[in-house]
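In: coordinates only, sequence not included:
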């Protein structure tokens, strides 16, 4: 990227986590990076993966520094071709096993559900940050998700989902009764009321 991505011979060097981190730090000094405005060339993929539990890996090794994970998460974007880390001058593809974030806690206050993610972001569910539940075919096992920002979701972890179930209610939605969650005036269906266990 820029001068840091050129070798002494002038040939482009492959993207690196160090170069991406340097660019993210520079952009982060001016506030949240406006990744949705950047349209740099795609420079290939980088050996970085986000596991289903929210652990970030680089070259097969977990990234142990939370500050570094938060830094990379600030330049994460989901494009039509997949998940990318993006700076003003380059874009690289990464692998995401499920959702890029995990919601690890929730607080109910003043008619709103406010979640905390594994990268220490607070997100309040509502019309701009909906909750959706995907049920596994065959088993019906629920996987609940919260929209964090610009088509990037957090998988709501099991303990947090169990807490949410205690906060749920039955309400009419799309012509039938559903058990679901309410936050900031919006209702998010989880399961049809007739499918609730007795």
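Out: Yep, it's here. Note that the structure is predicted; figures quoted are calculated from it, not measured. Residues are numbered from 1 along each chain as shown.
In: what is the neighbour count of the nearest residue to residue 83 once chain neighbours are set aside?
Out: Counting by Cβ to Cβ, 6 or more residues apart in numbering, residue 96 is the residue found nearest to residue 83 once chain neighbours are left out, at 4.6 Å. Glycine gets a C-beta too; all of them are placed from N, C-alpha and C. Using other Cβ atoms under 10 Å, residue 96 has 19 neighbouring residues.
In: for residue 96, what are its contacts?
Out: For residue 96, the contact set (Cβ atoms under 8 Å, 6 or more residues apart in numbering) comprises 49, 50, 82, 83.
In: so which strand or helix has residue 144?
Out: Here residue 144, judged by DSSP states H and E, is contained in strand 142-149.
In: show me what the next helix or strand after that strand is packed up against.
Out: Downstream of strand 142-149, the next assigned helix or strand under DSSP H and E is strand 152-156. Secondary-structure packing of strand 152-156 (3 or more Cβ pairs under 8 Å, 6 or more residues apart in numbering; DSSP states H and E): strand 76-79, strand 101-109, strand 112-117, strand 142-149.
In: of all the residues in stretch 102-116, which ones are buried?
Out: 102, 103, 104, 106, 113, 114, 115, 116 (16 or more other Cβ atoms under 10 Å).
In: so which of these is the closest to residue 60?
Out: Nearest to residue 60 among the buried residues of stretch 102-116, counting by Cβ to Cβ, is residue 102 at 20.3 Å.
In: ok, back up a step: rebuild the buried residues of stretch 102-116 as JSON lines, extending it with distance to residue 172.
Out: As requested, these are arranged in JSON lines below (distance: Cβ to Cβ, whole Å):
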{"residue": "102", "distance to residue 172": "31"}
{"residue": "103", "distance to residue 172": "27"}
{"residue": "104", "distance to residue 172": "32"}
{"residue": "106", "distance to residue 172": "24"}
{"residue": "113", "distance to residue 172": "20"}
{"residue": "114", "distance to residue 172": "26"}
{"residue": "115", "distance to residue 172": "25"}
{"residue": "116", "distance to residue 172": "31"}
